[in-house]
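In: okay, predicted coordinates and the sequence, questions at the end:
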Amino acid sequence: MAEQVIQGILLALHNIALVGCAAAPFYNRALVLKRAQYGPKLHYELDKVVEDTLQGNAPYCITFLVTLVVTGLAMPLNHYFFHGALRAMGTVATTALAVKLLSVGGMVWIMTVIFWGINPRITAIWNRFVRGTAPAESDEKQFFTLRARRKALCEVCLKFAVVVLVSSAFLGFGR
């Protein structure tokens with residue numbers, strides 16, 4: 001019974017992390033698409049809300065991804081601890097696991113590029129903007145170029161998240 005309780009807790013946490021990994025890029029995408037209606041010109045208050053929201057979500061994204069990975073590793077280890085062997089998996093489940101792991105790896109890579117590469121550069125440019133003052137044209141252009149790059153990467157991350165959700169459904173397939 002202890003194995004099932006531990007497995008249930010791990011699976012619940014894993015599923016919450018899966019949903020979080022998909023929800024964050026989905027809702028961020030909605031915000032970015034709404035902001036795009038105003039074009040690539042700085043609207044200080046609006047852009048501050050967008051940046052605060054997008055960059056403020058980084059700790060949540062990292063937490064969901066770490067939880068996904070840790071629980072994903074803990075579930076087979078839970079089985080190993082109680083049975084002395086890893087659970088046998090059929091071809092469908094093995095393929096789904098490989099696809100899921102590649103997608104999670106892609107999400108990790110994208111988050112690394114965004115959180116430690118693009119976001120700090122956006123913040124550095126943002127800190128040069130002053131409310132009520134027209135920004136330097138080069139800063140504004142670079143700001144929106146970086147935002148476009150981040151948006152494109154987030155679109156890919158959303159696709160990876162959907163693949164992770166779908167592939168997870170096939171992990172229970174037997175031989």
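Out: Structure received. Numbers count the residues shown, from 1 in each chain.
In: can you map out the helices along this structure?
Out: With DSSP state H, the ranges of helices along the chain come out as 2-36, 44-56, 58-83, 91-113, 119-126, 137-169.
In: quick one: work out the angle between the fourth one and helix 137-169.
Out: Angle, helix 91-113 to helix 137-169, by axes from the mean of the first three to the mean of the last three C-alpha atoms, to 10 degrees: 160 degrees.
In: before we move on, what about the shortest one?
Out: In terms of direction (the same axes, to 10 degrees), helix 119-126 departs from helix 137-169 by 150 degrees.
In: on contacts alone, who are the packing partners of helix 119-126?
Out: helix 44-56, helix 137-169 (3 or more C-beta pairs under 8 Å, 6 or more residues apart in numbering; DSSP states H and E). (C-beta placed from N, C-alpha, C; glycine too.)
In: so what's the gap between the first one and the chain middle?
Out: So the one you mean is helix 44-56. Remark: helix 44-56 is offset 18 Å from the chain centroid, using C-alpha atoms, centre = their mean, to the nearest Å.
In: and it, what does it pack against?
Out: Applying 3+ C-beta pairs under 8 Å, 6+ apart, we find helix 44-56 packed against helix 2-36, helix 119-126.
In: who are the packing partners of the first one?
Out: Under the contact definition 3+ C-beta pairs under 8 Å, 6+ apart, helix 2-36 sits against helix 44-56, helix 58-83, helix 137-169.
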